[in-house]
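Trainee: Build the 3D model from these lines:
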Amino acid sequence: MAKICAVVCLSVLVMDAAAGILGFEAQLALNKVKHKRMWVYECKGSYEAFKLGLLACVLLALAHLVANVLGGCMCIFSADQLDKSRTNRHLSFAFLIFSWITMAIGFPALIIGTLENYKEKSSCAILHHPLLSTGGILCFIHSLFCLGFYVSVITAPGKGKNINNATDKALDFEWQ
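Mentor: Next comes the predicted model:
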């Protein structure tokens with residue numbers, strides 16, 4: 001069990017770190033491209049940035065999927081159930097929420113930054129925000145939250161043992 005946990009944690013960490021690095025590399029590739037300026041409009045685009053951004057998006061989504069599927073299903077139906085649960089469940093629930101928040105911000109940032117470079121012609125806009133590097137930073141933050149979630153779920157007391165407490169039986173829904 002410890003070997004599987006280590007492999008899953010390492011794979012999530014590597015996928016998120018690779019997505020973050022690819023996001024930074026895509027932003028650097030976009031910055032290297034010569035761009036045209038016409039008054040307040042700026043036109044730039046890079047196929048290399050598109051490829052790197054797309055790969056970063058895929059790796060971030062895959063890391064999120066692996067961490068959430070192998071972490072198990074957390075079913076908390078009311079605040080009362082959350083109050084009666086163990087501290088470890090509170091911690092894993094907080095990590096789960098924060099991983100979803102970073103995914104909800106980082107993934108669209110990478111997608112929008114990638115789609116700006118999809119067109120064969122350069123994209124023209126008033127402002128070009130560094131969305132690819134922002135998504136890259138959020139990939140690293142996402143890895144920390146996913147690792148915290150997975151480790152807190154795996155190291156829960158009574159994990160895999162016969163639990164006698166009726167409240168904890170009602171709260172421990174997992175993928176079998």
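Trainee: Now do the buried residues in the helix or strand containing Gly135.
Mentor: Assessed by DSSP states H and E, Gly135 sits inside helix 131-154. For helix 131-154, a neighbour-count test (16 or more other C-beta atoms under 10 Å) marks 131-143, 145-154 as buried. Bear in mind the C-beta positions are built from the backbone N, C-alpha and C, glycine included.
Trainee: Please point out which parts of stretch 18-31 sit buried.
Mentor: For stretch 18-31, burial by neighbour count (16+ other C-beta under 10 Å) applies to 18-27, 29-30.
Trainee: which one among the residues you listed gets closest to Met103?
Mentor: Closest approach between the buried residues of stretch 18-31 and Met103, by C-beta to C-beta: Ala19, at 11.0 Å.
Trainee: so that closest one sits right up against Gly136, yeah?
Mentor: Yes. Using C-beta atoms under 8 Å, Ala19 is in contact with Gly136, at 7.3 Å.
Trainee: Lys51: neighbour count?
Mentor: Here the number of neighbours of Lys51 (other C-beta atoms under 10 Å) works out to 15.
Trainee: Can you tell me the element it falls in?
Mentor: helix 47-71.
Trainee: by how many degrees do that helix and helix 131-154 diverge?
Mentor: Orientation check (axes from the mean of the first three to the mean of the last three C-alpha atoms, to 10 degrees): helix 47-71 against helix 131-154 gives 10 degrees.
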